[in-house]
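Q: Okay, sequence plus prediction incoming.
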2 protein chains.
Amino acid sequence: LKDLKQVTVLGMGLLGGSLSLAVQRSFKSVRVIGYSHRATTRKKAASLGVASEIADDIKDSVKGADIVILCTPIYTFEETFKEIGRQLKAGCIVTDVGSTKQLVHRWAAKRLPKAVHYVGSHPIAGSEQRGVEFSRDDLLEQAACIVTKTKTTNAKAARNLKDFWSMLGCFVQEMSPAEHDRIFAQISHLPHIVAASLVNANSDELLKFSGKGFRDTSRIASGPVNVWSDILLSNSANCVKGIDKMMAELDKVKKALEKDSRADVEKLLERARNKREAMIKYKLRKKELL
Amino acid sequence: LKDLKQVTVLGMGLLGGSLSLAVQRSFKSVRVIGYSHRATTRKKAASLGVASEIADDIKDSVKGADIVILCTPIYTFEETFKEIGRQLKAGCIVTDVGSTKQLVHRWAAKRLPKAVHYVGSHPIAGSEQRGVEFSRDDLLEQAACIVTKTKTTNAKAARNLKDFWSMLGCFVQEMSPAEHDRIFAQISHLPHIVAASLVNANSDELLKFSGKGFRDTSRIASGPVNVWSDILLSNSANCVKGIDKMMAELDKVKKALEKDSRADVEKLLERARNKREAMIKYKLRKKELL
């Protein structure tokens, strides 16, 4: 990592912009090249100075890069791999910040040259805000970052990438793409499905009576539709399992209410409350971003 | 309402304490008597000065009151009605801040003397914080407050009670207890069931990977178990209908994912996003507490 000279960030949204700023801050002598396929975004990114340089051409942007990071919606990755493959120097680490990892590993194996090393990344950071204008150099600080590798992943590249995220202030954890997708289907993709379904279960007339509780429970349903469609579709089998688990839990509450059983209702609410309090305590103890 | 001289608040939790403070602030010449069945709470409430006076005996506390407001969990109300009924002066308005209304109207009709007037109230305000020590005189400001009446409710008492909540800064809306319970099962009780079920659908190990989205979506699952058990059990038929609707929406997402249909997934997420944005805009336009 001490030889790191150039990092290219493809996609200048909130995360791409924030990541570019964070790299500039944490690696003083590294050049950060940013790219966006939209001219207006490139202009905004350039005037905000989020990267050392904004490239007008994606092929130019990745030339000479030691690390290339894809920060666009997941289903753009396969095409991008095809587009940039031949421009990458041998030994280049290619990664992404997508929220699902199995499909991306498959695309990388199929579309990237053997001489470059794909390793998956998933920094757990973000916001409802969208766009490069909301970029912050501390968005990744104290965020968890999952790095995914398979049996064929280059071990040195994975080690270097883990160091890279650590230098940006992340808590890094390594796992397989399969394990990653199983875990995040439950803890991240299912909540999104639940929030959207809760809104859809209510008419516009009923929504006028919503309070603070409803607003929070449904907040993530306001997230970008294209990004989340990509996430759910690229992890659909795990998401379906998550929905089944959720329905099973809802059914327990339904049965407890139909039986008019105070003991059962209290047990379910108590269990949820205790589990959530333990989760909050764990996060506070780890000083991890919530 | 210009003759208002004494308001008694039974139950000194966050809401009872905040309500007592708000009455003191908005009605300068009114005496506010507070009561709690726990001596430690009475002591705290007295030292914090949330009410003009803290009574040690519930029967004494309601004597001479023009308005009595129950701020304890719902299933304590029937017993309280029996206990205070004979102490109330003729024409006294009895109300409560419970989150379900049909059962309370039935108890009031059965347990309160004919000479006093029960009208239901449900101020949509609160917080995860519990206890009189978190009381704030502005908790009810710009909050919606539903006032419920039936065909047998005294019309003048209902009008006076509506004026009372308005004076405290609430946006008052009147409806029948049946309508109230149907609406709030969907928009308030269902989200609680959903939040608790979402936590219970995840193991403790998985919860360690939770991010900001999960924290918000599950926040209300940390609410007080006794209060929420009362709410769900006292509105169980409507809650069961809400669960069925929620399951139907989850099933739509499941089917869209099983079909691998981007169009269907996007349609569902888009619909939720648009509905939620319309809801937020409505609240901002009304300047209503979110």
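A: Arrived safely.
Q: hang on, residue A:125 is in a helix, isn't it?
A: No. Under DSSP: H, G, I helix; E, B strand; the rest coil, residue A:125 sits outside any helix and is assigned coil.
Q: Now for it, how many residues are close by?
A: Applying other C-beta atoms under 10 Å in any protein chain shown, we find 24 other residues in the vicinity of residue A:125. In short, each C-beta sits where N, CA and C put it, glycine included.
Q: before we move on, what about residue A:159?
A: 15.
Q: what does the one 5 residues further on give?
A: For residue A:164, the tally of surrounding residues (other C-beta under 10 Å) stands at 26.
Q: With residue A:152 instead?
A: For residue A:152, the neighbour count with other C-beta under 10 Å is 8.
Q: Equivalent analysis for the one 3 residues further on, please.
A: A count of nearby residues for residue A:155, using other C-beta under 10 Å, gives 10.
Q: Look up how far residue A:106 lies from the nearest residue to it once chain neighbours are set aside.
A: Using C-beta to C-beta, 6 or more residues apart in numbering or on different chains and skipping the chain neighbours, the partner closest in space to residue A:155 is residue A:149 (7.8 Å). Counting by C-beta to C-beta, to the nearest Å, the gap from residue A:149 to residue A:106 is 14 Å.
Q: Which one of those two is surrounded by more residues?
A: Neighbour count, other C-beta under 10 Å: between residue A:149 and residue A:106, residue A:149 has more, with 23 against 13.
Q: Quick one: residues contacting that one.
A: Residues counted as contacts of residue A:149 (C-beta atoms under 8 Å, 6 or more residues apart in numbering or on different chains) are A:119, A:120, A:155, A:158, A:174, A:176.
Q: can you put those in TSV and add secondary structure and pLDDT?
A: Converted to TSV, the contacts of residue A:149 look like this (DSSP: H, G, I helix; E, B strand; the rest coil; pLDDT from 0 to 100):
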residue	secondary structure	pLDDT
A:119	coil	98
A:120	strand	98
A:155	helix	97
A:158	helix	98
A:174	strand	97
A:176	coil	98
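Q: Only the buried subset of those, as a PyMOL command please.
A: Buried members of the contacts of residue A:149 can be picked out in PyMOL with the line below, counting by 16 or more other C-beta atoms under 10 Å in any protein chain shown:
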select buried, chain A and resi 119+120+158+174+176
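Q: Just name the closest of the contacts of residue A:149 to residue A:73, please.
A: Nearest to residue A:73 among these is residue A:120, at 15.5 Å by C-beta to C-beta.
Q: Touching, that closest one and residue A:177? I think so.
A: Yes. Residue A:120 is within contact range of residue A:177, at 5.9 Å (criterion: C-beta atoms under 8 Å).
Q: okay, and the common contacts of the two?
A: Common neighbours of residue A:120 and residue A:177, counting by C-beta under 8 Å, 6+ apart, are A:101, A:104, A:105, A:148.
Q: Just the ones in strands from these, please.
A: Applying DSSP state E to the shared contacts of residue A:120 and residue A:177, the entries found in strands are residue A:148.
Q: who wins for most neighbours among the shared contacts of residue A:120 and residue A:177?
A: Neighbour max across the shared contacts of residue A:120 and residue A:177 (other C-beta under 10 Å) = residue A:101, 28 neighbours.
Q: between the contacts of residue A:149, which is nearest residue B:10?
A: Comparing those against residue B:10 with C-beta to C-beta places residue A:174 closest, at 56.8 Å.
Q: number of nearby residues for the closest residue in space to the closest one that isn't next to it in sequence?
A: Counting by C-beta to C-beta, 6+ apart, residue A:174 lies nearest to residue A:147, which is 5.0 Å off, once chain neighbours are set aside. By the criterion of other C-beta under 10 Å, residue A:147 has 25 neighbours.
Q: Contacts only, for residue A:147.
A: Residue A:147 neighbours (C-beta under 8 Å, 6+ apart): A:119, A:120, A:121, A:158, A:161, A:162, A:165, A:172, A:173, A:174, A:175.
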